[in-house]
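Q: Curious how this folds, go ahead:
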Amino acid sequence: MSFQAYLDNIEKQTNKTPNELITLAKKKGFTADTKAGEIVAWLKEDFSLGRGHAMAIVHVIKHGATIGDKHIGTSGAHADDSNTLRLDGLKNR
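A: Below is the predicted model:
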């Protein structure tokens, strides 16, 4: 599954866009320096996200919308079209 597909599935499960989850995380005081485990625990408790999906949100909280080029333009299961993730939600595409 591509990174973007992870984020899209999270939105479908939580009814929150990645940007909305980032805003909620900031309101809770989470920053790039917050340990991943703290954020994962919050996402599990409040949104029932599993570890893999929660770690995708941890990434965008800590690093923003940019991902590495490793899977860009590949044809594998983890292929992404761009190294910039869409955080604004499915309805904005």
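Q: quick one: pLDDT of the closest residue to S82 other than its chain neighbours?
A: Ranked by Cβ to Cβ, 6 or more residues apart in numbering and with sequence neighbours excluded, the top spatial neighbour of S82 is I72, at 6.6 Å. For glycine as for every other residue, the C-beta is placed from the backbone atoms N, C-alpha and C. Per-residue confidence for I72 comes out at a pLDDT of 87.
Q: Quick check: phi and psi at I72.
A: Phi and psi for I72, reported as degrees, to the nearest 10, are phi -70, psi 130.
Q: So it sits against T84, correct?
A: No - here I72 does not reach T84: they are 9.8 Å apart, not a contact under Cβ atoms under 8 Å.
Q: give me the element the residue most central in space within the chain is part of.
A: The structure's the chain has its C-alpha centroid closest to I57; by Cα atoms, centre = their mean the separation is 3.0 Å. Per DSSP states H and E, I57 falls inside helix 51-63.
Q: Check which helices and strands that helix is in contact with.
A: helix 3-14, helix 18-27, helix 36-47 (3 or more Cβ pairs under 8 Å, 6 or more residues apart in numbering; DSSP states H and E).
Q: Dump those helices to a markdown table, plus distance to A77 and mean neighbour count.
A: Shown next, in a markdown table, are those (distance: least, Cβ to Cβ, whole Å; neighbours: other Cβ atoms under 10 Å):
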| stretch | distance to A77 | mean neighbour count |
| --- | --- | --- |
| helix 3-14 | 10 | 18 |
| helix 18-27 | 21 | 17 |
| helix 36-47 | 23 | 16 |
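Q: Which one of those helices lies nearest to L90?
A: Between L90 and the helices and strands packed on helix 51-63, the tightest spacing by Cβ to Cβ is seen for helix 3-14, at 5.9 Å.
Q: Check which helices and strands the closest one sits against.
A: helix 18-27, helix 51-63.
Q: Just send those helices back as JSON lines, with distance to E45 and mean pLDDT too.
A: As requested, the helices and strands packed on helix 3-14 are exported to JSON lines (distance: least, Cβ to Cβ, whole Å; pLDDT from 0 to 100):
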{"stretch": "helix 18-27", "distance to E45": "13", "mean pLDDT": "98"}
{"stretch": "helix 51-63", "distance to E45": "10", "mean pLDDT": "96"}
